[in-house]
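Enquirer: Predicted model and sequence follow; I will ask about them next.
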Amino acid sequence: MASKRESYPHRIKRLTAKGYSLAQARGHARPGEAAVRPPRSTGVLDDKLIKALRTFRAHNNVSAAAREAHVSRERFRTFLDAEEVASRHGRAWTITDNLVRELDMISQGRRQVVRVRGFDAASTIEKHNAAVRAFLRTRDIGLLTPFDGVVMTDTAGRKHPLETRPNVLLRLASSGGDGFEAVYRIII
């Protein structure tokens, strides 16, 4: 069996003969060049990238976010570009989060899991869920009023009005079932 040192020159020679650039053959494609091996995607982001994204959202610093999450800066930047989470203009990054998130929400008298695109939509649904939990503890209807008439649109284009009727929420809470545990996943 050949060692890694022997297989590296062979790989370079084989890939450059196929028309790949030297950088691609080495496994470090330049910006704009296709990778020899496409990045693997599991459909759901791993915890390290999610942690890096949260830190990046707070500090807007790619290096610090990658370092804190124990992810390489190159991997995190590739993720930001590939998933269009942020765009770079000169030296400054602008967050353009367009990731699909799967959340548990209460709409039209029932609990349902929906997929929404973007941080703002997911944040609104989570704030509504928190307000519902607070309402169930305190019975303060004023907690639900900011969500009157708020309609969320899922990735399929269906409209979901957020539930604010106190009797419906109390009935759902008393029916038992799986409770109001948060379902929140980022989907690629």
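Expert: Structure received. Numbering: from 1, shown residues only.
Enquirer: Pull up the gap between Thr16 and Pro9, please.
Expert: Distance of Thr16 to Pro9, computed by C-beta to C-beta, to the nearest Å: 11 Å. In this view, the C-beta of every residue, glycine as well, is placed from N, C-alpha and C.
Enquirer: So between those two, which is more surrounded?
Expert: Thr16 (14 against 9; other C-beta atoms under 10 Å).
Enquirer: who's in contact with the more buried one?
Expert: Leu22, Ala25 (C-beta atoms under 8 Å, 6 or more residues apart in numbering).
Enquirer: which element is it on?
Expert: In this assignment (DSSP states H and E), Thr16 forms part of helix 4-17.
Enquirer: quick one: average pLDDT of that helix?
Expert: If you average the pLDDT over helix 4-17, you get 82.
Enquirer: Same check on stretch 172-181?
Expert: pLDDT averaged over stretch 172-181 gives 66.
Enquirer: what about Arg37, which helix or strand?
Expert: Counting by DSSP H and E, Arg37 is found in no helix or strand.
Enquirer: Once you drop chain neighbours, what's closest to it?
Expert: Gly27 (7.8 Å; C-beta to C-beta, 6 or more residues apart in numbering).
Enquirer: how close does the one you found sit to Leu103?
Expert: 37 Å.
Enquirer: how about the strands of this structure, start to end?
Expert: Here the chain has its strands, by DSSP state E, at 86-89, 92-95, 100-107, 110-117, 151-153, 159-161, 184-187.
Enquirer: The third one: how far from the chain's middle?
Expert: Centroid displacement of strand 100-107 relative to its chain, using C-alpha atoms, centre = their mean, to the nearest Å, is 13 Å.
Enquirer: and if you look at the second one?
Expert: Between the mean C-alpha location of strand 92-95 and the chain-wide mean there is a distance of 17 Å, by C-alpha atoms, centre = their mean.
Enquirer: swap in the first one?
Expert: The gap between where strand 86-89 is centred and where its chain is centred comes out at 17 Å by C-alpha atoms, centre = their mean.
Enquirer: Pull out the buried positions in that strand.
Expert: Ala86 (16 or more other C-beta atoms under 10 Å).
Enquirer: Then the second one?
Expert: Of the residues in strand 92-95, those buried by neighbour count under the rule 16+ other C-beta under 10 Å are Trp93.
Enquirer: so what strands line up beside it?
Expert: strand 86-89 (antiparallel) (DSSP bridges).
Enquirer: ok, and what's touching the partner strand?
Expert: Contacts of strand 86-89 (C-beta under 8 Å, 6+ apart): Phe56, Leu80, Asp81, Trp93, Thr94, Ile95, Thr96, Asp97.
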